[in-house]
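Q: Give me the fold of what follows.
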Amino acid sequence: MKVPSPVFFKAIQRMNIVNSGYTIILNMGDQASDLFGSYSQPDFKLPNRFYVFP
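A: Take a look at the predicted model:
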């Protein structure tokens, strides 16, 4: 079984949460993969000086 990349895994998990009837009121993270796929508004990307992944 192929494991999805973290980008798609996070987006799928947020989709499952929304499809379960919950509302995601804020999405925050320090990597672009934390915000990909939407299912929440607003999205905030936090700075992280230790590493940067585009």
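Q: got the residue ranges for the strands in this structure?
A: Here the chain has its strands, by DSSP state E, at 27-29, 43-45.
Q: Let me know which of those is tucked in deepest.
A: Neighbour counts (mean count of other CB atoms under 10 Å) averaged over each of the strands of the chain peak at strand 27-29, with a mean of 15. C-betas here are computed from N, CA, C, even on glycine.
Q: Can you tell me which residue sits nearest the middle of this protein?
A: With distances taken as CA atoms, centre = their mean, the residue of the chain nearest its centroid is residue 34 (3.2 Å).
Q: The residue lying closest to that one once chain neighbours are set aside: what's it in contact with?
A: Distances taken as CB to CB, 6 or more residues apart in numbering place residue 10 nearest to residue 34, at 6.4 Å, with adjacent residues excluded. Contacts for residue 10 (CB atoms under 8 Å, 6 or more residues apart in numbering) come out as 33-34, 36-37.
Q: Low-confidence stretches in this protein?
A: For the chain, the stretches flagged by pLDDT under 70 are 1, 3-4, 52-54.
Q: could you pull out the helices for it?
A: 6-19 (DSSP state H).
Q: From residue 46, how far out is the residue nearest to residue 18 when sequence neighbours are not counted?
A: Excluding the flanking residues, the one nearest residue 18 by CB to CB, 6+ apart is residue 39, at 5.0 Å. Per CB to CB, to the nearest Å, residue 39 is found 19 Å from residue 46.
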